[in-house]
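Q: Okay, sequence plus prediction incoming.
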Amino acid sequence: MKEEVLHTKQALLNKQVILYPTDTVWGIGCDATDNKAVEKIYQIKQREESKSLIILVDSFEMLSRFVKEIPDTAKEELSKAQRPTTIIYKNPIGLAKNCIASDNTIAIRIVQNDFCIQLIKEFDKPIVSTSANISGEPTPTSFSEISTSILDSVDYVVNLQRDTIATTSSRILRITDNHQVEVIRE
């Protein structure tokens, strides 16, 4: 796996778009701080930039570098989460502008997949994670379901976990101003 982490890191450093396994489904990703790389993801997915993307980080420490405040409620939810959980945070810092929603929020998940954790640690920046499909089409649950158009559009395909079948997507939560948890997707 170490060699694959290094190859993938090099692709990210070269501002390329990757296709990779996550703790949920296979994802299309790139450096979440690079506007041009993010723009290419929107083109590949044939998706409007007004729909924001999920960002993956490897730890609370990295999360704190990219959001102004991590509400205690978010920390509590993440500490008891039984499955991958994405939280929408206000006032992101240092991320590509086209990753950020029009209301100045960003969806971030502390990833639970060993490959992703090692890759993000090695790269030392967050990466984009969006499902490996054209916008509006069904989300592939395995590598074999990813369309040829997606495979041909990305710059690098990770050669790991190709037999894994994903049965669940991440929960998406928003913490309201009065510290209540709003479930966006269960």
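A: Arrived safely, thanks for sending.
Q: so where's this protein shaky on pLDDT?
A: The chain contains residues with pLDDT under 70 at 50.
Q: residues near residue 17, how many?
A: 22 (other C-beta atoms under 10 Å). (Each C-beta comes from the backbone N, C-alpha and C, glycine too.)
Q: What segments of this protein are strands?
A: 18-20, 27-29, 54-57, 85-90, 105-110, 127-131, 156-157, 171-175, 181-185 (DSSP state E).
Q: These into a markdown table, with extra columns for mean neighbour count?
A: A markdown table is the format used below for the strands of the chain (neighbours: other C-beta atoms under 10 Å):
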| stretch | mean neighbour count |
| --- | --- |
| strand 18-20 | 24 |
| strand 27-29 | 27 |
| strand 54-57 | 26 |
| strand 85-90 | 21 |
| strand 105-110 | 22 |
| strand 127-131 | 25 |
| strand 156-157 | 18 |
| strand 171-175 | 19 |
| strand 181-185 | 11 |
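Q: Reformat the ones you listed as TSV; add distance to residue 146.
A: Below are these laid out as TSV (distance: least, C-beta to C-beta, whole Å):
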stretch	distance to residue 146
strand 18-20	7
strand 27-29	9
strand 54-57	18
strand 85-90	21
strand 105-110	20
strand 127-131	10
strand 156-157	9
strand 171-175	22
strand 181-185	22
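Q: between those strands, which one is nearest to residue 121?
A: For residue 121, the closest of these is strand 54-57, at 10.0 Å, according to C-beta to C-beta.
Q: Which neighbouring elements make contact with that closest one?
A: helix 60-66, strand 105-110, helix 114-123, strand 127-131 (3 or more C-beta pairs under 8 Å, 6 or more residues apart in numbering; DSSP states H and E).
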